[in-house]
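K.L.:
take this sequence and fold it.
(one chain, ligands or ions: 2)
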Amino acid sequence: MSANGWNLEHSYAQLPPLLHEPCEPTEVKEPRLAIFNEKLASELGLDPAELSQPFAAPLFTGNRLPPGAFPIAQAYAGHQYGHFTTLGDGRAILLGEQITPSSERFDIQLKGAGPTPFSRRGDGRAALGPMLREYLISEAMHALGIPTTRSLAVATTGEHVFRQELLPGAVLTRVAASHIRVGTFECISARKDAGALRALADYTLQRHYPDLLEEKEPYPALLYAVVERQAALVARWIGVGFVHGVMNTDNMAISGETIDYGPCAFVDAYDPETVFSSIDRYGRYAFSHQPRIAQWNLACLAEAMLGLLHEKPEKAFELAKEAVEAFPARYQQHWLAVMGAKLGLSKATEEDQPLIDGLLDWMHRNHADFTNTFRLLSSENALMQAPFEDCDFVTWHAAWLQRLGDQANGTAEAVKRMCSSNPAVIPRNHLVEAALDAASNNGDLTLFHRLLRVLAMPYDEPQDAAFIEPPTATAIPYETFCGT
Ligand code: AMP
Ligand code: MG
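P.N.:
Ligands and ions are numbered 1, 2, ... in the order given. Model prediction:
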């Protein structure tokens, strides 16, 4: 281990060569640190003091590599909006895997670090706004308790990138359990390299599902385990109103972490058909479609893994089908647990589905704010507040109270559960936009830091009510752009 705590290993680079290419970051003109995650640095075993200015900026743009780095770009493929494409890290470079003091292994990746062999026509760069956006939303997701990649730093490059207009360039340092995607499996499967496929599956088992190595049939077990983690993950997204926005198979991590924050956003007024991404014209990745799309992506994974599941193709197909078809029931279980907790239920069952749907339908009809409705339910005078005086709501509320009455410890316990399941603060789109606008156009990160601070404790009531207020009518509809 080096003096400043870097302890990099390179297990991924030992996988078959078709999975990666050596690739150095391209030097930038004027590196400057925009934000640095000291707490995460400490958790990784890095010394925050050693990583402060002036050393940090060259490090977090790729101008200077940490000791022991062996930079590579990863190859992958993916179904983008349903169409198969060969991809790979077009602007991200993996420096290595940091081994933490508690022996955990995390990828350290620079996103926006310059062209790679997979850049196609892209410039290999990223703009400051979208990199700060990934930083903010990934850290918010982490604080909400949702599995996600993390953000260690954003550094500006002193160069411009062209995205319809000239924008300040930046590099994000992303920390992930790994960057193995559904698309990584698809990439090898397309090359029909059985040995490489097995090596990747063994590596994935070792790194993310070591307990399954004991199984008699570890590969079908791996597929089931990925199904399970995705079912759990998407249920958690749905529970906070998160729309990923671009759930292509290359943006689905095998580890079960949320990855690749592009045109993502959080629902304000509840509408299951909410779409934010300007390029998602047919609403493929709309809020309520996410479970279905996750299952579709898992079918791509199952197909890519066919050769591993069984030596007989018919049997392999059957196993794949069974695993993918297990998704809806697994998702339903997780959804009931998540939504049940939001209503204060200690154990929600199928019988509670009408109660949950009843509230969601009411919210939809009344354009009620998703986050605030759940949060207000646990306040004592909920019924006195607009729009809850509504007669349909009063009927629903009575049924809900009756259901709570069936539980041991009734409402007191329920309120406690609800307060830790219903965030007060989410990254409100209009606030995120205002913070990024000030940072990107005026170099002013004041609002960004304030937002980051309240989002770090999302279940606490913020002192400033501005952080929980829904957008004004003029801020709707919100649209995110893919020019990331
Ligand atoms: P995404 O939509 O961000 O998941 O990216 C899809 C693919 O496009 C990935 O292979 C990226 O590496 C690549 N890509 C995105 N932006 C750029 C860029 N500016 N330069 C090169 N490749 C890019
Ligand atoms: Mg991606």
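
K.L.:
before we move on, which element is the nearest residue to Leu445 once chain neighbours are set aside in?
P.N.:
Excluding the flanking residues, the one nearest Leu445 by Cβ to Cβ, 6 or more residues apart in numbering is Ala439, at 5.0 Å. All C-beta spots, glycine's among them, are computed from the backbone N, C-alpha and C. Following DSSP states H and E, one finds Ala439 within helix 429-442.

K.L.:
by contact count, what packs against that helix?
P.N.:
Under the contact definition 3 or more Cβ pairs under 8 Å, 6 or more residues apart in numbering; DSSP states H and E, helix 429-442 sits against helix 128-143, strand 265-266, helix 446-455.

K.L.:
what's the first helix or strand after the longest one?
P.N.:
In other words, helix 128-143. That would be, after helix 128-143 and using DSSP H and E, strand 150-163.

K.L.:
neighbours of the residue nearest to Leu445, just the number please.
P.N.:
26 (other Cβ atoms under 10 Å).

K.L.:
so what does the closest residue to ligand 2 within the chain look like in phi/psi?
P.N.:
Across the chain, no residue is closer to ligand 2 than Asp260, which sits at 4.0 Å (Cβ to the ion). Note on Asp260: backbone dihedrals following degrees, to the nearest 10 are phi 70, psi 80.

K.L.:
so does stretch 86-96 get close to ligand 2?
P.N.:
No - Stretch 86-96 stays clear of ligand 2 (Cβ under 5 Å from the ion), getting no nearer than 7.6 Å.

K.L.:
can you list the helices and strands that the helix or strand where Ile35 lies packs against?
P.N.:
Ile35 is located in strand 32-36, with elements delineated by DSSP H and E. Under the contact definition 3+ Cβ pairs under 8 Å, 6+ apart, strand 32-36 sits against helix 56-59, helix 128-143, strand 150-163.

K.L.:
can you list the strands that it pairs with?
P.N.:
strand 150-163 (antiparallel) (DSSP bridges).

K.L.:
if you average pLDDT over the strand it pairs with, what comes out?
P.N.:
What strand 150-163 shows for mean pLDDT is 97.

K.L.:
would you mark the buried spots in that strand?
P.N.:
Residues of strand 150-163 classed as buried under the neighbour-count rule (16 or more other Cβ atoms under 10 Å) are 150-157, 161, 163.

K.L.:
and the angle for the longest helix anywhere in the chain with helix 128-143?
P.N.:
Using DSSP state H, we find that the single longest helix of the chain is helix 218-240. For helix 218-240 against helix 128-143, the angle by axes from the mean of the first three to the mean of the last three Cα atoms, to 10 degrees is 100 degrees.

K.L.:
elements contacting helix 218-240?
P.N.:
Against helix 218-240 (3+ Cβ pairs under 8 Å, 6+ apart) you get helix 194-208, helix 290-309, helix 313-325, helix 327-342.

K.L.:
most tightly surrounded among the ones you listed?
P.N.:
helix 290-309 (a mean of 21; mean count of other Cβ atoms under 10 Å).

K.L.:
now do it: distance to the chain's middle.
P.N.:
19 Å (Cα atoms, centre = their mean, to the nearest Å).

K.L.:
which elements pack onto it?
P.N.:
Using 3+ Cβ pairs under 8 Å, 6+ apart, helix 290-309 is in contact with helix 182-191, helix 194-208, helix 218-240, helix 313-325, helix 327-342.

K.L.:
dump those helices to JSON lines, plus mean pLDDT and distance to ligand 1.
P.N.:
Below are these laid out as JSON lines (pLDDT from 0 to 100; distance: least, Cβ to the nearest ligand atom, whole Å):
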{"stretch": "helix 182-191", "mean pLDDT": "97", "distance to ligand 1": "9"}
{"stretch": "helix 194-208", "mean pLDDT": "98", "distance to ligand 1": "18"}
{"stretch": "helix 218-240", "mean pLDDT": "98", "distance to ligand 1": "17"}
{"stretch": "helix 313-325", "mean pLDDT": "98", "distance to ligand 1": "23"}
{"stretch": "helix 327-342", "mean pLDDT": "98", "distance to ligand 1": "23"}
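
K.L.:
rewinding a little: between the helices and strands packed on strand 32-36, which one is nearest to Ser378?
P.N.:
helix 128-143 (19.6 Å; Cβ to Cβ).

K.L.:
check which helices and strands the closest one sits against.
P.N.:
If you count contacts as 3+ Cβ pairs under 8 Å, 6+ apart, helix 128-143 packs onto strand 32-36, strand 150-163, strand 165-176, helix 429-442, helix 446-455.

K.L.:
switch the cut-off to 6 Å
P.N.:
Applying 3 or more Cβ pairs under 6 Å, 6 or more residues apart in numbering; DSSP states H and E, one finds that helix 128-143 makes contact with strand 150-163, strand 165-176, helix 429-442.

K.L.:
these: which one's closest to ligand 1?
P.N.:
Comparing the helices and strands packed on helix 128-143 by their distance to ligand 1 (Cβ to the nearest ligand atom), the top pick is strand 150-163, with 7.5 Å.

K.L.:
what's the closest one in contact with?
P.N.:
Contacts to strand 150-163, defined as Cβ atoms under 6 Å, 6 or more residues apart in numbering, come from residues 28-37, 40, 57, 60-61, 125, 127-128, 131-132, 135, 138-139, 166-173, 175, 483.

K.L.:
show me the shaky parts of the stretch 251-400 of the chain.
P.N.:
Applying pLDDT under 70 to the stretch 251-400 of the chain picks out residues 382-383.

K.L.:
export the helices and strands packed on helix 429-442 to JSON lines and tack on mean neighbour count and distance to ligand 2?
P.N.:
Shown next, in JSON lines, are the helices and strands packed on helix 429-442 (neighbours: other Cβ atoms under 10 Å; distance: least, Cβ to the ion, whole Å):
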{"stretch": "helix 128-143", "mean neighbour count": "24", "distance to ligand 2": "11"}
{"stretch": "strand 265-266", "mean neighbour count": "25", "distance to ligand 2": "17"}
{"stretch": "helix 446-455", "mean neighbour count": "18", "distance to ligand 2": "23"}
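
K.L.:
the ones you listed into TSV, with extra columns for distance to ligand 1?
P.N.:
Converted to TSV, the helices and strands packed on helix 429-442 look like this (distance: least, Cβ to the nearest ligand atom, whole Å):
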stretch	distance to ligand 1
helix 128-143	9
strand 265-266	15
helix 446-455	21
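
K.L.:
residues of the stretch 1-150 of the chain that sit close to ligand 1?
P.N.:
87-91, 119, 122-125 (Cβ under 6 Å from any ligand atom).

K.L.:
out of those, which end up buried?
P.N.:
Buried among these (16+ other Cβ under 10 Å): 87-91, 119, 124-125.
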